[in-house]
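Engineer: Take a look and give me a structure for this.
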Amino acid sequence: MTAPHSTTVHGTESVVTPVTDFRRDPRGFLSFLYAEAVRRAQPLHTLGAHLPAPPRGRIVVIGAGKAGAAMAQAVEALWPADAPLSGLVVTRYGHIPPRPQGLAQRIEVTEAAHPVPDAAGMQAAERILASVQGLTANDLVLCLISGGGSALLTLPADGLTLQDKQAINRALLESGANIAEMNCVRKHLSRIKGGRLAAACAPAQVVTLTISDVPGDDPAIIASGPTVPDETTCADALAILRRYRIEVPAAVLADLERGALETPKPGDAVFAGQQVHLMATPAQSLAAAAEAARAVGLQAHILSDEMEGESREVGRVHAALARSVAKHGAPFARPCVILSGGETTVTVRPRGPDVPKGRGGRAGEFCMGLAQALQGQADVWALAADTDGIDGVEDNAGAFVTPDTLQRADAVGQPVAQALDRNDAYGYFDSIGDLFVTGPTHTNVNDFRAILIL
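Structural biologist: Below is the predicted model:
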């Protein structure tokens, strides 16, 4: 099942019928706010101000991420038609937007797997690394980085196989580790992340254009920072692996212990003169949604764009706030919409041999925690969704929560407590038609959450 007000995405534009009557159509209005947030983060709207001038020598365009193909198209549209342009960018399967009519393709785009890497991603990383060999100080490398690049740009460190990296990635994804912890490990188990790609580009100038999908907008965390200095250490990576009991081959463990897999650090000469520009951030997208709400006379309150923690618990905290507003008009007067972003985590619970593995991502898990804690509170509607259009590895962006979510789910034999035990947000919301399905949005500025209190 799909939600009645699903957003559809065409090319690099989010297309949704503007819904301004939030009382008559709460779900349509929440979908509209999501579309406004996504629209603010589209590469074609944000990239032009950060493009460098054509260099005296060659330009090589490289990149990785869920927004990679849309970023490449934006460069092609905005780069001077008479100036040479070529390169290679890797994006997730199914995340290449339709090509605008008349726009010639000058940058190759290839596809690979996310969130668990595959051979196609490793081949793309090898080709990207090879493409920047032998450059001069007159050459320019334009690097297009967005969320998802960690899995898409995979080049295992010596002593690791692709199968090893896949197993480590799966373990990290299910461990409850936050994005900074996961990417610290990824950087130290790679031959291309954590500033190593920038080192390979030297002495060429490197300009990195990035779309942030991480709390705090740290370029060293976005896609594991392939072109920026890394302040984390082998010791940090080792501590994370031990904290979450994630196994790595003995030889790699020994390399971490003796610091043999260290990354380039701040102050390294390979980063001299390099530039990094944030094209779009979660805060900017939340501000765009808030502006759209205020334009129709609704008060909008942004809690934070940096929220982290266990998804279901973050949902319960949001529920406590929404119930206070609905019942007592505090700390915000109703009607209003409460917005937040960030990147929560899901710890996959142990299950018996006869219990199927649940489906869903952090947005859906947030919604289950929210619905459970709201307990059918009247006049509260919510949407949580990933701005890339994919919640985890499923085909939905997220889900809706309505005043009768629990009642409708109980009626079809889907108690929320049991779904939470299985981490089965997809099955739970699919059973009542409340999945939010958009398809790939061709950008990625992290989680979007909106709670409407009427």
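
Engineer: element containing A326?
Structural biologist: Here A326, judged by DSSP states H and E, is contained in helix 311-328.

Engineer: which residues touch that helix?
Structural biologist: By C-beta atoms under 8 Å, 6 or more residues apart in numbering, the surrounding residues in contact with helix 311-328 are 303, 307-308, 330-334, 336, 338, 340, 344-346, 362-363, 365-374, 377-380, 382, 384, 420, 449, 451, 453. For glycine as for every other residue, the C-beta is placed from the backbone atoms N, C-alpha and C.

Engineer: how about the helices in the stretch 1-150 of the chain?
Structural biologist: For the stretch 1-150 of the chain, helices defined by DSSP state H, counting those that start in this stretch occupy the ranges 26-40, 43-46, 68-78, 119-131, 149-152.

Engineer: List the buried residues for the first one?
Structural biologist: Looking back up the chat, that one is helix 26-40. Buried residues in helix 26-40, counted by 16 or more other C-beta atoms under 10 Å: 26-40.

Engineer: Quick check: the closest residue to E76 other than its chain neighbours vs G65, distance?
Structural biologist: Using C-beta to C-beta, 6 or more residues apart in numbering and skipping residues adjacent in sequence, the residue nearest E76 is R106, 5.4 Å away. Relative to G65, R106 is positioned 19 Å away (C-beta to C-beta, to the nearest Å).

Engineer: more neighbours, these two?
Structural biologist: Ranked by neighbour count (other C-beta atoms under 10 Å), R106 and G65 place G65 first, with 32 against 16.

Engineer: Run through the residues that contact that one.
Structural biologist: When contacts are counted by C-beta under 8 Å, 6+ apart, G65 touches 71, 91, 144-149, 152, 211, 223, 444.

Engineer: Among the residues you listed, which lie within strands?
Structural biologist: Among the contacts of G65, the residues falling in strands (DSSP state E) are 91, 144-145, 211.

Engineer: can you redo the residues you listed as JSON lines with neighbour count?
Structural biologist: Converted to JSON lines, the ones in strands among the contacts of G65 look like this (neighbours: other C-beta atoms under 10 Å):
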{"residue": "T91", "neighbour count": "31"}
{"residue": "L144", "neighbour count": "30"}
{"residue": "I145", "neighbour count": "31"}
{"residue": "I211", "neighbour count": "33"}
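
Engineer: that older thread, what separation is there between the residue nearest to E76 and T443?
Structural biologist: Between R106 and T443 the computed distance is 21 Å (C-beta to C-beta).

Engineer: Check V380 too.
Structural biologist: With C-beta to C-beta as the criterion, V380 and T443 are 28 Å apart.

Engineer: Ok, P249 next?
Structural biologist: 36 Å.

Engineer: Neighbours of the residue lying closest to L30 once chain neighbours are set aside, how many?
Structural biologist: Leaving aside its chain neighbours, L30 sits nearest to L383 (3.9 Å; criterion: C-beta to C-beta, 6+ apart). Neighbour count for L383, taken as other C-beta under 10 Å: 27.

Engineer: what sits against L383?
Structural biologist: So L383 contacts 27, 30-31, 33-34, 398-401, 436, 448-450 (C-beta under 8 Å, 6+ apart).

Engineer: Please convert the ones in strands among the contacts of G65 to JSON lines, extending it with distance to V19.
Structural biologist: As requested, the ones in strands among the contacts of G65 are exported to JSON lines (distance: C-beta to C-beta, whole Å):
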{"residue": "T91", "distance to V19": "30"}
{"residue": "L144", "distance to V19": "33"}
{"residue": "I145", "distance to V19": "34"}
{"residue": "I211", "distance to V19": "26"}
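
Engineer: Closest one to A260 out of the residues you listed, please.
Structural biologist: I145 (26.2 Å; C-beta to C-beta).

Engineer: any idea how far the closest one is from P356?
Structural biologist: Using C-beta to C-beta, I145 is found at 36 Å from P356.

Engineer: where in the chain is pLDDT low?
Structural biologist: 1-18, 351-355 (pLDDT under 70).

Engineer: Show me where the stretch 301-450 of the chain has its helices.
Structural biologist: All helices of the stretch 301-450 of the chain, identified by DSSP H, counting those that start in this stretch, fall at 311-328, 362-374, 405-411, 416-421, 425-430.

Engineer: what comes up buried for the helix holding A326?
Structural biologist: 311-312, 314-319, 321-323, 325-326.

Engineer: and if you look at stretch 244-251?
Structural biologist: Across stretch 244-251, burial judged by 16+ other C-beta under 10 Å covers 244, 246, 248.

Engineer: So the first one sits against I168, correct?
Structural biologist: No: counting by C-beta atoms under 8 Å, Y244 stays clear of I168, with 10.5 Å between them.

Engineer: what about the nearest residue to A112 once chain neighbours are set aside, neighbour count?
Structural biologist: Of all residues not flanking A112 in the chain, G121 sits nearest, at 3.3 Å (C-beta to C-beta, 6+ apart). Residues within reach of G121, counting by other C-beta under 10 Å, total 27.

Engineer: who's in contact with G121?
Structural biologist: Counting by C-beta under 8 Å, 6+ apart, G121 has contacts 90, 112-113, 151-154.

Engineer: if I look at it, how far off is S190?
Structural biologist: Applying C-beta to C-beta to G121 and S190 gives a distance of 12 Å.

Engineer: For those two, list the residues in contact with both.
Structural biologist: Common neighbours of G121 and S190, using C-beta under 8 Å, 6+ apart, are T154.

Engineer: Name the nearest residue to T344, sequence neighbours excluded.
Structural biologist: Closest residue to T344 apart from its sequence neighbours, by C-beta to C-beta, 6+ apart: S311 at 4.1 Å.

Engineer: The one you found and T232, how far apart?
Structural biologist: Relative to T232, S311 is positioned 25 Å away (criterion: C-beta to C-beta).

Engineer: All the strands of the stretch 151-300 of the chain, in order from the start?
Structural biologist: Ranges of strands in the stretch 151-300 of the chain, per DSSP state E, counting those that start in this stretch, are 205-211, 275-280, 299-302.

Engineer: coming back round to it: can you select the buried ones among the contacts of helix 311-328 for me in ChimeraX?
Structural biologist: Typed into ChimeraX, the line below selects the buried ones among these, using 16+ other C-beta under 10 Å:
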select :303,307,308,332,334,336,338,340,344,345,346,362,363,365,366,367,368,369,370,371,372,373,374,377,379,380,382,384,420,449,451,453
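
Engineer: how many neighbours does the residue nearest to D424 when sequence neighbours are not counted have?
Structural biologist: Among residues not flanking D424 along the chain, G358 sits closest, at 3.2 Å (C-beta to C-beta, 6+ apart). Residue neighbour count, defined by other C-beta under 10 Å, stands at 21 for G358.
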